[in-house]
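Enquirer: this is the structure alone, sequence omitted:
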């Protein structure tokens, strides 16, 4: 299946005038007719070293998810367009999937589009399998998602997310459970200096009502979208945009001085307060007259008490009324995780409650909450912080091909090692097969052991083992080789 140009579904995200698009790059060398081996803009490859480190990160995340009782789910990259958009104009540019021009269709119901996150496909899956799912349904999923970003550093058209969600549990316990899981994930990755910022969309809706917008209206949604940019453009940038920019296609507005001061006051409401109890008290006073905002504060108070009971350190999370989260399907608590030593990366682990998303398909609300690791962004941040190890060996043992006639022996030896859980590689380059060249390859593979098996060793029933760390070479009985290597690696078969 070919992936073609992203379709712009909303004028809010136009391409710059000079943006030729990721598939309009020059791919032919006009002088020799060879195809340029380059990716389209907005996409990236990961080499073996990066993949090994990423796999370790993903395994650590999965271990935590499983420890909280989450089970794996895999949804398709391809989804019906109206499933992803809810049958409404989209708030982002998306990628269509097409087989060929003859199969192209303008029928919205039949068009297949690449998922932009893992949450909407989850809601569709739950709605489609409602009769066979026992609730609450705890699922985790890791996969690539696609967005029509204008390619630039740190913004990709394809990136990986790793989600955990609880569907069928009301606000409070499930939200606290997700936050405890987020904390465990970060610590499992060796990250200690992080902060989970928490707010509630009901709190934000209450604020929107105070400045004159009906909660859930297009103008309220536009206001929250601008507020959500605070980590990118700062509070002054938010206020400047509200003061003079058309904030939505459905209805533009410009804030006057009093409204701008109300925004500033709300977004800095808890600044300087020492702990979450004080922040919640300040919010509670702000919504003393009740309404939807007060409901949101009550939800946050419940979560706070459960986090305390669950052993969540008080310095790991903070109530922050400036957190909005851009996606329109959030209905309650929302979360963002920032790295205190790398704040420029923004949120690396975020999510919230989406009680009405399944209703898109069933007509009935179903409580749900979850969070998503931005794998690529978090990995990039860990690389910058030098918290990613790229030293894991590709193989445990590299077998030097000393004699072409002994290749069957090398295959037999590799099979013996692999049967005991060891990773083994046989030298077989199509270029330089000298011992020196093979040893260089072994070192490049970061093999802890290089094995030599010639005629003398076969006759003696031994293998020469070179330890690449100590540079010591010893002779080991072949029958004991696998166990000897496992012992040196501090592993069991």
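Expert: Structure received. Please read these numbers as outputs of a predicted model, since none were measured by experiment.
Enquirer: first to last residue in stretch 461-481, what's the distance?
Expert: With C-alpha to C-alpha, to the nearest Å as the measure, stretch 461-481 spans 11 Å from end to end.
Enquirer: for that stretch, buried residues please.
Expert: Of all the residues in stretch 461-481, those buried under the rule 16 or more other C-beta atoms under 10 Å are 462-466, 468, 476, 478, 481. Where C-beta positions appear, they are placed from N, C-alpha and C, glycine not excepted.
Enquirer: need these in TSV (columns: distance to residue 297 and secondary structure).
Expert: As requested, the buried residues of stretch 461-481 are exported to TSV (distance: C-beta to C-beta, whole Å; DSSP: H, G, I helix; E, B strand; the rest coil):
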residue	distance to residue 297	secondary structure
462	74	strand
463	69	strand
464	71	strand
465	66	strand
466	66	strand
468	60	coil
476	68	strand
478	71	helix
481	66	helix
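Enquirer: pick the one among these closest to residue 307.
Expert: Distance to residue 307 across the buried residues of stretch 461-481 (C-beta to C-beta) is lowest for residue 468, with 47.2 Å.
Enquirer: for the buried residues of stretch 461-481, work out which two are farthest apart.
Expert: 468 and 478 (20.0 Å).
Enquirer: now stretch 417-425: mean pLDDT?
Expert: Average pLDDT, stretch 417-425: 97.
Enquirer: the residue nearest to residue 170 when sequence neighbours are not counted: how many residues sit nearby?
Expert: Sequence neighbours aside, residue 367 is the residue nearest to residue 170 in space, at 5.0 Å (criterion: C-beta to C-beta, 6 or more residues apart in numbering). The number of residues packed near residue 367 is 22, by other C-beta atoms under 10 Å.
Enquirer: same check, this time on residue 265
Expert: 12.
Enquirer: now swap in residue 64 and tell me
Expert: Counted with other C-beta under 10 Å, residue 64 comes out at 20.
Enquirer: swap in residue 392?
Expert: Residue 392: 11 neighbours (other C-beta under 10 Å).
Enquirer: cool, and the one 3 residues further on?
Expert: Number of residues near residue 395 (other C-beta under 10 Å) recorded here: 19.
Enquirer: what stretches of this protein score poorly on pLDDT?
Expert: 1-31, 91, 99-109, 151-154, 245-253, 493 (pLDDT under 70).
Enquirer: next SSE after the helix or strand where residue 304 lies?
Expert: For residue 304, the host element (DSSP states H and E) is helix 292-309. Going down the chain from helix 292-309, the next helix or strand is strand 317-319, by DSSP H and E.
Enquirer: residues in contact with that following strand: which ones?
Expert: 179, 183, 195-199, 270, 276, 279-280, 283, 300, 304, 307 (C-beta atoms under 8 Å, 6 or more residues apart in numbering).
Enquirer: so the following helix or strand past that strand versus helix 292-309, what angle?
Expert: The helix or strand immediately downstream of strand 317-319 is strand 333-339, counting by DSSP H and E. Strand 333-339 runs at 60 degrees relative to helix 292-309, counting by axes from the mean of the first three to the mean of the last three C-alpha atoms, to 10 degrees.
Enquirer: list the helices and strands strand 333-339 packs on?
Expert: Judged by 3 or more C-beta pairs under 8 Å, 6 or more residues apart in numbering; DSSP states H and E, strand 333-339 is in contact with helix 173-188, strand 194-200, helix 292-309, strand 349-353.
Enquirer: from the contact counts, what lies against the shortest one?
Expert: Helices and strands touching strand 349-353, as assessed by 3+ C-beta pairs under 8 Å, 6+ apart, comprise helix 173-188, strand 333-339, strand 368-374.
Enquirer: and of those, who's closest to residue 387?
Expert: Taking these one by one with C-beta to C-beta, strand 333-339 is closest: 9.6 Å.
Enquirer: paired strands for the closest one, with orientation please.
Expert: With DSSP bridges as the test, strand 333-339 is paired with strand 194-200 (antiparallel), strand 349-353 (antiparallel).
Enquirer: run through who's touching it.
Expert: 171, 175, 178-179, 182, 186, 191, 193-201, 231, 299-300, 303, 323-325, 345-353, 369, 371, 381, 385.
Enquirer: tally of neighbours for residue 263?
Expert: 21.
Enquirer: hang on, isn't it packed against residue 242?
Expert: Yes. The pair residue 263 / residue 242 is scored as a contact, 6.3 Å apart, by C-beta atoms under 8 Å.
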